[in-house]
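A.B. asks: pasted the sequence and its predicted model underneath.
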Amino acid sequence: MDSGAGRPSRRAVLRQDGGMYERFFFLNEKPFHITPDPRFLYLSKKHREAIDLLSFGIRERKGFILLTGEVGTGKTTLCRAILERLPKGTESALILNPVLSDIELLKTITADFGIKAVEDTPKGHIDGLNSFLLGLASNGGNAVVIIDEAQNLSPAALEMVRLLSNLETEKEKLLQIILVGQPELKKKLAMTSLRQLNQRIIIRHHLEPPCGCRRKRIRRVHKGRFEIHLQQRKRHTEDDKHPVRQGAHCRFHRRQESDRFKAPWKGPA
């Protein structure tokens, strides 16, 4: 309590009030979650391209797909969005902790698919996975494995992934494998010992941050505002004696940018 005030302190109110942001910003739920919720995925041009490419690779049974991107570009959220968009009859396994040995990775994949191996051996798990995939394909189904943070996979685990891609028929791949990781994953795949795996990757996509063209977006906004101002000016003036020359919105943008960043403006180009 505030001394002499007789009312709760601001800090005490904030502690008791869990819905402050929701009421102030008229939100339906708490914001600022750090969990990868696909409902809040911002679909930039690169993100839309990634979803289209990954969906195409799964649908057309391309086998290996590689998705890379820097930390915080939305790779994990995008993977969860892909899982929500899978066609009917497509089974999936999502590996979030790739710090596993080759055998542990194999067992994790079969467990995610709900496969119970007859023998708890590498051969038993591979045979069980092969039978599961063949049965799925015979009914028109498909299967996809998404391995997140794949740059942490050991060379032995990556070799196991390559061996799993051998599960196929004469016409198509039975298992679609998506490797998701940071740019270090591309360097690891370039190792001589992993050249067979690297050669099998059909689709590659690098996810760039959605804020990569910030200045261009600001320029488009300023151009739009300038054009609105020009239209209003023409409505109030029957004879425009001082027409705005082409490129004026660019100079307007530079002026706005210089004011924003406290930098001296050098005048029109």
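C.D. replies: Okay, I see it.
A.B. asks: could you pull out the strands for the stretch 51-200 of the chain?
C.D. replies: Assigned by DSSP state E, counting those that start in this stretch, the stretch 51-200 of the chain shows strands spanning 64-69, 90-95, 142-147, 176-181.
A.B. asks: distance to E208 added to these, as a markdown table?
C.D. replies: Quick note: C-beta positions are derived from backbone N, CA and C, even for glycine. Formatted as a markdown table, the strands of the stretch 51-200 of the chain follow (distance: least, C-beta to C-beta, whole Å):
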| stretch | distance to E208 |
| --- | --- |
| strand 64-69 | 7 |
| strand 90-95 | 23 |
| strand 142-147 | 20 |
| strand 176-181 | 15 |
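A.B. asks: closest one to L163 among the ones you listed?
C.D. replies: With C-beta to C-beta as the measure, strand 176-181 is the member of these nearest L163 (11.0 Å).
A.B. asks: follow-up on the earlier one: turn the strands of the stretch 51-200 of the chain into CSV, columns for distance to I202, mean pLDDT and mean neighbour count.
C.D. replies: Formatted as CSV, those follow (distance: least, C-beta to C-beta, whole Å; pLDDT from 0 to 100; neighbours: other C-beta atoms under 10 Å):
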stretch, distance to I202, mean pLDDT, mean neighbour count
strand 64-69, 6, 94, 23
strand 90-95, 18, 94, 18
strand 142-147, 14, 96, 24
strand 176-181, 10, 96, 24
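A.B. asks: out of those strands, the one nearest I51 is which?
C.D. replies: Closest to I51 of the strands of the stretch 51-200 of the chain is strand 64-69 (C-beta to C-beta; 10.2 Å).
A.B. asks: contacts for that closest one?
C.D. replies: 50, 53-54, 57-58, 75, 78-79, 165, 176-183, 185-186, 189, 197, 200-208 (C-beta atoms under 8 Å, 6 or more residues apart in numbering).
A.B. asks: can you show me the CA trace of it as PDB?
C.D. replies: Extracted in PDB, the C-alpha atoms of strand 64-69 (Å, rounded to 0.1, in the frame of the first residue of the first chain):
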ATOM      1  CA  PHE A  64      14.500 -34.300 -49.300                       C
ATOM      2  CA  ILE A  65      13.600 -30.700 -48.600                       C
ATOM      3  CA  LEU A  66      16.000 -28.200 -47.000                       C
ATOM      4  CA  LEU A  67      14.800 -25.000 -45.200                       C
ATOM      5  CA  THR A  68      17.300 -22.700 -43.600                       C
ATOM      6  CA  GLY A  69      17.200 -19.300 -42.000                       C
END
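A.B. asks: who does it pair up with?
C.D. replies: strand 176-181 (parallel), strand 201-207 (parallel) (DSSP bridges).
A.B. asks: which one of the ones you listed lies nearest to I126?
C.D. replies: Among the strands paired with strand 64-69, strand 176-181 sits nearest to I126 (C-beta to C-beta), with 14.3 Å.
A.B. asks: that closest one versus strand 142-147: what angle between them?
C.D. replies: Counting by axes from the mean of the first three to the mean of the last three C-alpha atoms, to 10 degrees, strand 176-181 lies at 20 degrees to strand 142-147.
A.B. asks: what's the angle from strand 176-181 to strand 90-95?
C.D. replies: 30 degrees.
A.B. asks: only C-alpha atoms, please: export strand 176-181 in CSV.
C.D. replies: Taking Å, rounded to 0.1, in the frame of the first residue of the first chain, the C-alpha atoms of strand 176-181 are listed here in CSV:
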residue,chain,number,x,y,z
GLN,A,176,9.4,-37.0,-47.3
ILE,A,177,12.1,-35.5,-45.1
ILE,A,178,12.3,-31.8,-44.3
LEU,A,179,15.5,-30.6,-42.7
VAL,A,180,15.1,-27.3,-40.9
GLY,A,181,18.0,-25.4,-39.5
